[in-house]
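**Q** fold the following, please.
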Amino acid sequence: MQVAKHKTDGMTMNASEKTVLVDGLRVRYWEAGNESAKTLLLLHGGLGDARFHWEASIGGLAENFRVLAPDLPGFGGSQALPRNRTETMLHWIKAFLHTLRVDQAVVVGNSFGALLARLFAANSPTYVPAVILVNGGGVPDIPNAFRVLERIPLVSPLLFGSLGKRATSEATLKEMITVAEVLTPEFVTQVAQAAPGYTRFMRMLVSSPMPATQNPIVPTLILWGTNDQVALLSDGKAIQASIAGSQLVEIADCGHMPQIETSDVFIWQVNTFLDKLSRPTKPTSGPSLLSNASG
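**A** Next up, the predicted model:
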């Protein structure tokens with residue numbers, strides 16, 4: 001394992017920046033918390049890298065957990081995958097955990113990171129004791145026309161490049177983000193710079209099939225900022241209906257990125273969900289009131 005530790009450059013999230021080689025590719029990640037604690041693996045969405053998505057909440061999460069937040073391939077300081085396919089991305093997640101000698105991690109994903117979290121939990125349940133999906137996680141139904149267009153050399157870069165720029169534009173951000181203080185010029189600029197990575201992810205979804213197994217069998221929490229006008233609350237409800245036993249928690253006055261817009265609520269929800277899972281179930285002693293009443 002080759003790991004390099006760097007300075008955080010005054011970073012407020014109290015995490016260490018590190019790099020590691022995963023299958024020969026450089027991966028940058030952020031780590032915080034106690035190594036002996038339960039591990040959280042944070043998977044970011046397409047609006048930027050790991051620091052951009054998790055800086056506001058990683059410090060709070062690290063009070064109770066060991067937190068790992070990698071830049072996904074092609075974002076931030078992580079090299080892009082040579083083969084841009086869904087199964088390759090899921091293998092990359094497993095290889096990252098293997099490299100850091102992590103046997104299990106609760107996976108938390110935002111936006112398309114939530115889709116990766118869902119698919120990874122569904123296909124590698126022994127690695128994932130629980131999964132948390134944040135304003136994302138729906139399995140897309142890709143029209144055949146997009147699959148055809150993706151294979152046309154001259155058309156594909158123009159089409160998906162345009163879609164990537166639109167998805168990361170200021171106009172789209174205003175539909176996604178509710179808390180006005182978040183939408184600073186720096187925020188908008190950082191998101192625009194992530195357009196190439198977002199474009200690669202869209203092409204990956206179009207060019208490769210989804211795994212046959214898509215629904216996690218582990219405890220699943222779905223957190224949803226209800227004011228998100230891109231990933232609608234109805235999408236969150238559809239995800240809940242598709243994953244047996246999952247729990248949907250609506251976060252009011254919040255948009256697409258609860259971990260930034262309402263980080264205190266986000267941290268509290270994560271801690272509460274995982275705390276309940278860690279408590280042993282108490283056996284019922286004596287006859288229940290229901291049995292007495294009916295007997």
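
**Q** switch to C-alpha atoms for all contacts and neighbour counts from now on
**A** OK.

**Q** just the element for the residue nearest to the spatial centre of the chain, please.
**A** Centrality entry for the chain: nearest residue to the mean C-alpha point is residue 109, 1.5 Å, by Cα atoms, centre = their mean. In this structure, residue 109 sits in strand 106-110 according to DSSP states H and E.

**Q** list the helices and strands the next helix or strand after that strand packs on?
**A** Sequence-wise, the next helix or strand downstream of strand 106-110 (DSSP H and E) is helix 112-123. Judged by 3 or more Cα pairs under 8 Å, 6 or more residues apart in numbering; DSSP states H and E, helix 112-123 is in contact with strand 39-43, helix 86-99, strand 106-110, strand 131-134.

**Q** cutoff 10 Å now
**A** When contacts are defined as 3 or more Cα pairs under 10 Å, 6 or more residues apart in numbering; DSSP states H and E, helix 112-123 sits against strand 39-43, helix 86-99, strand 106-110, strand 131-134, helix 195-207, strand 220-225.

**Q** tell me how far that helix is from the chain's mean position?
**A** Mean C-alpha position of helix 112-123 versus that of the full chain (Cα atoms, centre = their mean, to the nearest Å) differs by 8 Å.

**Q** next, the angle helix 195-207 makes with that helix.
**A** With axes from the mean of the first three to the mean of the last three Cα atoms, to 10 degrees as the basis, helix 112-123 and helix 195-207 are set at 40 degrees to each other.

**Q** just want the angle from the strand holding residue 109 to strand 220-225.
**A** Angle between the axes of strand 106-110 and strand 220-225 is 30 degrees (criterion: the same axes, to 10 degrees).

**Q** so for strand 106-110, what's the average pLDDT?
**A** Mean per-residue pLDDT for strand 106-110: 98.

**Q** mind listing what it pairs with, with the direction of each?
**A** Strand 106-110 pairs in its sheet with strand 39-43 (parallel), strand 131-134 (parallel), by DSSP bridges.

**Q** CA atoms only for that strand - export them in CSV, please.
**A** The C-alpha trace of strand 106-110 is given here as CSV (Å, rounded to 0.1, in the frame of the first residue of the first chain):
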residue,chain,number,x,y,z
VAL,A,106,-21.3,2.1,5.9
VAL,A,107,-21.6,3.7,2.5
VAL,A,108,-23.1,7.2,2.2
GLY,A,109,-23.7,8.6,-1.3
ASN,A,110,-25.0,11.9,-2.6
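
**Q** among the strands paired with strand 106-110, show me which one is buried the most.
**A** strand 131-134 (a mean of 28; mean count of other Cα atoms under 10 Å).

**Q** what residue ranges in the stretch 101-250 of the chain score low on pLDDT?
**A** In the predicted model of the stretch 101-250 of the chain, residues 146-150, 155 satisfy pLDDT under 70.

**Q** if you set the cut-off to 90 instead, what comes out?
**A** Applying pLDDT under 90 to the stretch 101-250 of the chain flags the ranges 140-168, 196-210.

**Q** now the helices for the stretch 151-295 of the chain?
**A** Listed in chain order, the helices of the stretch 151-295 of the chain (DSSP state H, counting those that start in this stretch) span residues 155-167, 170-176, 185-193, 195-207, 233-242, 258-261, 263-278, 289-294.
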